[in-house]
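Visitor: sequence unavailable; structure follows:
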């Protein structure tokens with residue numbers, strides 16, 4: 001019998017995050033700090049609207065692009081939040097989570113052999129999706145001394161005549177790094193000068209603790225070069241509703257919608273009605289959750305300082321990315337031993353790219369009570385490692 005599998009798919013490695021999820025699920029009294037998912041329930045008024053949509057019989061397909069009502073609310077939200085106007089009829093597409101939008105954008109824009117520039121450490125889906133779209137992924141290693149921001153010099157050093165798309169993953173998963181306006185202005189100029197396009201993943205845009213989030217799409221000359229991706233999972237605690245969106249120039253959006261039409265048809269209908277309510281009346285919920293995350297962020301950084309554990313201060317998302325190089329262990333070894341000995345799951349930095357070696361991703365999308373217990377175990381563990389080393 002011939003091989004039934006695609007060589008391209010077989011060669012793609014599974015997500016490096018799943019291993020620790022699976023192990024911790026079978027361990028009694030274990031604490032996981034590995035999941036990038038809000039610990040808050042979806043606010044009641046948003047859930048009610050989703051339930052009410054079902055009760056009203058709103059159980060049929062929407063248009064491929066999504067409810068016009070929702071697209072209009074997204075357009076209003078973006079005009080208010082990033083001062084950028086999108087046409088809800090032709091420039092906004094509702095997707096099944098932000099991850100589908102990443103896949104659609106790459107497949108709609110890539111010809112075989114085009115290069116996609118991917119800063120790492122970053123979300124695990126960018127590189128596999130680029131490979132599946134027949135692109136050549138070009139990894140840009142970000143550095144701790146730059147607070148894991150993408151610099152102009154780093155971008156310029158990786159551009160070739162085949163470069164077409166830059167993935168801009170900020171606020172960043174796993175590092176928590178952000179790009180401020182002055183950073184984005186330098187990147188935007190390089191993009192324009194070299195005739196590139198940008199996929200800007202802004203799923204954590206509302207979780208920024210230093211200043212208001214700035215989108216590269218809002219800078220002069222960039223809206224027509226940018227596919228902006230966002231969604232409802234992180235800001236509104238709606239992970240299980242599976243709802244995201246993409247905003248792009250009509251030329252690109254027509255092709256993204258075509259793929260979405262054939263592969264998905266449309267995003268879940270009741271989730272779309274719930275999202276309308278989230279955008280209309282969810283600002284206070286977002287502010288409350290953001291303040292809670294910020295409290296946890298400050299607590300973790302304070303505890304790291306007490307332990308003498310090196311960690312730059314992240315200002316976005318709900319992750320910290322401490323350095324564990326002093327212990328002479330790989331990230332995988334540290335995370336595995338920490339889980340086995342202290343029953344706390346964290347994610348090796350290498351799950352997000354080779355340059356994540358020597359770091360751990362710790363999520364603070366957990367209660368302060370759980371974080372206190374877990375950090376107590378971490379302190380005990382690193383004291384043990386330091387004693388062994390001495």
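Guide: Nice, I can see it. Since the model is a prediction, treat every value here as computed from it, not as a measurement.
Visitor: quick one: the residue nearest to residue 94 when sequence neighbours are not counted and residue 135, what's the gap?
Guide: Setting aside the residues directly before and after it, residue 94 is nearest to residue 66 in space (CB to CB, 6 or more residues apart in numbering), at 2.7 Å. In short, each C-beta sits where N, CA and C put it, glycine included. Distance of residue 66 to residue 135, computed by CB to CB, to the nearest Å: 26 Å.
Visitor: tell me who's in contact with residue 77.
Guide: With contact set as CB atoms under 8 Å, 6 or more residues apart in numbering, residue 77 has these partners: residue 279.
Visitor: doesn't residue 164 make contact with residue 106?
Guide: No: applying CB atoms under 8 Å, one finds residue 106 not in contact with residue 164, separated by 10.1 Å.
Visitor: joint contacts of the two?
Guide: Common contacts of residue 106 and residue 164 (CB under 8 Å, 6+ apart): 116, 135.
Visitor: the more surrounded of the two?
Guide: Remark: of residue 106 and residue 164, residue 106 carries more neighbours, 25 against 19, as counted by other CB atoms under 10 Å.
Visitor: tell me the confidence at that one?
Guide: With respect to pLDDT, residue 106 has a value of 98.
Visitor: how far off centre is the helix or strand harbouring it?
Guide: Taking DSSP states H and E as the criterion, residue 106 maps to helix 97-109. Here helix 97-109 shows a centroid-to-chain-centroid distance of 13 Å under the convention CA atoms, centre = their mean, to the nearest Å.
Visitor: any chance you could list what contacts that helix?
Guide: With contact meaning CB under 8 Å, 6+ apart, helix 97-109 is reached by 93, 95, 116, 125-126, 129-130, 132-133, 135, 164-165, 197, 199, 201, 203, 227, 229-231, 233, 242-246, 248, 252, 255-256, 258-260, 264.
Visitor: and the lowest-mean-pLDDT helix or strand in the chain, what does it pack against?
Guide: Using mean pLDDT, DSSP states H and E, helix 18-24 stands out as the lowest-scoring helix or strand of the chain, at a mean of 70. Contacts defined by 3 or more CB pairs under 8 Å, 6 or more residues apart in numbering; DSSP states H and E place helix 18-24 against strand 31-32, helix 331-342, strand 344-345.
Visitor: pLDDT below threshold where in this structure?
Guide: Applying pLDDT under 70 to the chain picks out residues 20-21.
Visitor: quick check, central residue of it?
Guide: residue 173 (5.0 Å; CA atoms, centre = their mean).
Visitor: tell me the contacts of residue 267?
Guide: 62, 66, 94-96, 242-243.
Visitor: what's the answer for residue 373, then?
Guide: residue 31.
Visitor: am I right that it sits in a helix?
Guide: Yes: applying DSSP: H, G, I helix; E, B strand; the rest coil, one finds residue 373 inside a helix.
Visitor: what's around the closest residue to residue 312 other than its chain neighbours, how many residues?
Guide: Closest residue to residue 312 apart from its sequence neighbours, by CB to CB, 6+ apart: residue 147 at 5.3 Å. By other CB under 10 Å, 18 other residues sit near residue 147.
Visitor: ok, back up a step: ok, and the most crowded of the contacts of residue 267?
Guide: residue 94 (29 neighbours).
Visitor: skipping adjacent residues, who's closest to residue 279 in space?
Guide: Of all residues not flanking residue 279 in the chain, residue 73 sits nearest, at 4.2 Å (CB to CB, 6+ apart).
Visitor: again, but for residue 238
Guide: residue 232 (4.2 Å).
Visitor: how many other residues sit next to the one you found?
Guide: 26.
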